[in-house]
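**Q** Just the structure for this:
(one chain, ligands or ions: 1)
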Amino acid sequence: VVAGKDLGLIGLGVMGQNLALNFHNHGYSIAVYNRTGQKTKDFVAKHSEIVPAYTLREFVDALSTPRRVFLMVTAGAAVDAAIDNLSGLLAHGDVVMDGGNSHFKDTERRSSDLEKRGVRYLGVGVSGGEDGALRGPCLMVGGAMEGYEHVSEMLRAIAAQVDGPCCEYLGPRGAGHYVKMVHNGIEYAIIQTIAEAYDLLTRGKKLSISAVSKIFKQWNDGELNSFLMEIATLVLKKSDPGTGKPLVSMILDRAKQKGTGKWTSQNALDLGTPTPTIDAAVTARNLSALKNERVKAAEVSKLPRRTSSMPNNFTGKLAGAVRASMIMSYAQGFHLMRAASVEYGYDIPFREVARIWKGGCIIRAKMLDSIYRAFRANADLANLMIDPEFAGILTKLDGKWRDTVRMAKGSTIPIPAINASLDYYDGYRSERLPANLIQALRDLFGAHGYERYDKAGEFHTDWASS
Ligand code: NBP
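**A** From the prediction side, this is the model:
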């Protein structure tokens, strides 16, 4: 009798191939299937220890039962197609994992469909890109707990290891994909913040790109230590073989996106939770995409001559502003997850989210140690900025942050993320905001009523009468 394979993986794209190798390298036997059979042939020609299947029947028959199936296909219709083709071949108790960047609501729908047929479904957020997939990704798992128990050992084995495996069960149904979505929203916000720092240092302070790379390297050796800062230093160091110029200076300033940042902002609006730095980052990408319009507008409406020059101590101030904006990015992401945890009944363990984000994923950063401590001290922390450690850090950064925003405004260089972060910080800590006037205006034109400080209940005024 030939023993069934430990795991079956469907989808031999960039991520799927590397995950299959990662499972294999950790001692698990693997069968693979890909819609286009040639890709399977090419893959197993290089990796003969992995078992190919050319039909889904062959694939499911190759697996030990209850089966473990990992889908790594393009998010959206491809996941539904793969599940449709597979589900008739599965048995009660089998576990299906979706490792793609699926929208959490799709995962909710698929898990309820498959649970009805006795198949346990897990939405597994995978972060770390192709390198992470091979060497150790961060795995954010949501779905049926019984399903997780059947696969947790192998998922924890292939995950990055930083203070334990960077893999955790984060709640039922779409919880894992939800956390992955927010991870990507934070990623958008931090990338935008780093891009603004680069802009202020090159166009504002007129430093060379290689000088900025060195500054980023210093930052990365300190409190700003993070994967994104590290790769920013590498990117800025790279020269273009054709022109000899820094490669980044030859790259069109028009950013693309796959939508996970937008999903985060859309969901934050649905839940009524402010995520202004993430929203600003999504909007900045949309604005960058309007390259042709920007070029025309720059001809018609010239930006005023820059009046302020950046002082000598600007770089130190900017480091403070970048750190603060990064803290705000995490603060908004965790604040949003807290709202979602209640709204969708996920009961997300925030401390564990901070822990598993320390390794394998794109937003791994030194400050996650402090975030972990904050949620260990208070599992129900409303916002990172009221954690005593972060409150102290932000108080120290306040002056540098504000000076950076002021100087950027004088220089006409847009800093939507750093600016939105500061307004968020100030707004969240404002005991009083001008929403009293908003309430009064709504009551005047729409009789929407208002509440008062001195009396309980809803009030309405005939504003026109004297
Ligand atoms: P690729 O584009 O490299 O591969 C896509 C895979 O999906 C191929 O194996 C393709 O099969 C398969 N597929 C498609 Br398309 N339609 C299918 C269908 N109807 N039925 C079955 N299989 C189908 O993608 P990737 O970069 O490996 O990403 C896979 C997932 O992982 C995505 O959801 C992505 O968002 C997510 N992700 C990617 C990264 C990253 O850094 N790239 C990181 C984290 C998460 P074929 O060979 O027959 O076309």
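**Q** Assess the claim that V32 and K41 are in contact.
**A** No - using Cβ atoms under 8 Å, V32 is not in contact with K41, being 10.7 Å away. Placement of C-beta: from N, CA and C, glycine included.
**Q** who has more neighbours, the two?
**A** Between V32 and K41, counted using other Cβ atoms under 10 Å, the more crowded position is V32 (28 against 12).
**Q** What residues does the protein have near the ligand?
**A** Residues of the chain found near the ligand (Cβ under 6 Å from any ligand atom) are 11-16, 34-36, 39, 72-75, 78, 81-82, 100-101, 126-127, 129-130.
**Q** at 8 Å instead, please
**A** 10-17, 34-36, 39, 72-79, 81-82, 85, 99-102, 125-130, 132-133, 137, 258 (Cβ under 8 Å from any ligand atom).
**Q** Which among those residues count as buried?
**A** The neighbour-count criterion (16 or more other Cβ atoms under 10 Å) marks 10-13, 15-17, 34, 39, 72-73, 75, 78-79, 82, 99-102, 125-129, 132-133, 137 among these as buried.
**Q** Those residues in strands, which ones?
**A** Using DSSP state E, the subset of these located in strands is 10, 125-127.
**Q** what's the closest of the residues you listed to D113?
**A** The shortest gap between D113 and any of those belongs to I10, at 17.4 Å (Cβ to Cβ).
**Q** List the beta-bridge partners for that closest one.
**A** I10 has these beta-bridge partners by DSSP bridges: Y33, L71.
**Q** isn't it right up against M72?
**A** Yes - here I10 reaches M72: they are 7.0 Å apart, a contact under Cβ under 8 Å.
**Q** anything in contact with each of the two?
**A** G16 (Cβ atoms under 8 Å, 6 or more residues apart in numbering).
**Q** which residues do V32 and K41 both contact?
**A** P52.
**Q** what residues are up against the residue of the chain found nearest the ligand?
**A** As assessed by Cβ to the nearest ligand atom, the ligand sits closest to G13 within the chain, at 2.0 Å. The contact partners of G13, by Cβ under 8 Å, 6+ apart, come to 72-74.
**Q** just the helices in the stretch 201-350 of the chain please.
**A** Per DSSP state H, counting those that start in this stretch, the stretch 201-350 of the chain carries helices over the ranges 209-220, 227-237, 260-271, 276-289, 291-300, 314-343, 350-356.
**Q** pLDDT weak spots in the chain?
**A** 1-2, 306-308 (pLDDT under 70).
**Q** same thing but 90
**A** 1-3, 87, 302-310, 312, 465-466 (pLDDT under 90).
**Q** Taking the centroid of it, which residue is nearest it?
**A** Per Cα atoms, centre = their mean, the C-alpha nearest to the average position across the chain is that of N184, at 1.5 Å.
**Q** ok and the helix or strand containing that one relative to helix 209-220, angle-wise?
**A** Assigned by DSSP states H and E, N184 belongs to helix 175-199. Using axes from the mean of the first three to the mean of the last three Cα atoms, to 10 degrees, the inter-axis angle of helix 175-199 relative to helix 209-220 is 130 degrees.
**Q** roughly how far is helix 175-199 from the heart of the chain?
**A** Remark: helix 175-199 is offset 5 Å from the chain centroid, using Cα atoms, centre = their mean, to the nearest Å.
**Q** quick check: angle from that helix to helix 260-271?
**A** Going by the same axes, to 10 degrees, helix 175-199 makes 110 degrees with helix 260-271.
**Q** Distance of M140 relative to K180?
**A** Counting by Cβ to Cβ, to the nearest Å, the gap from M140 to K180 is 5 Å.
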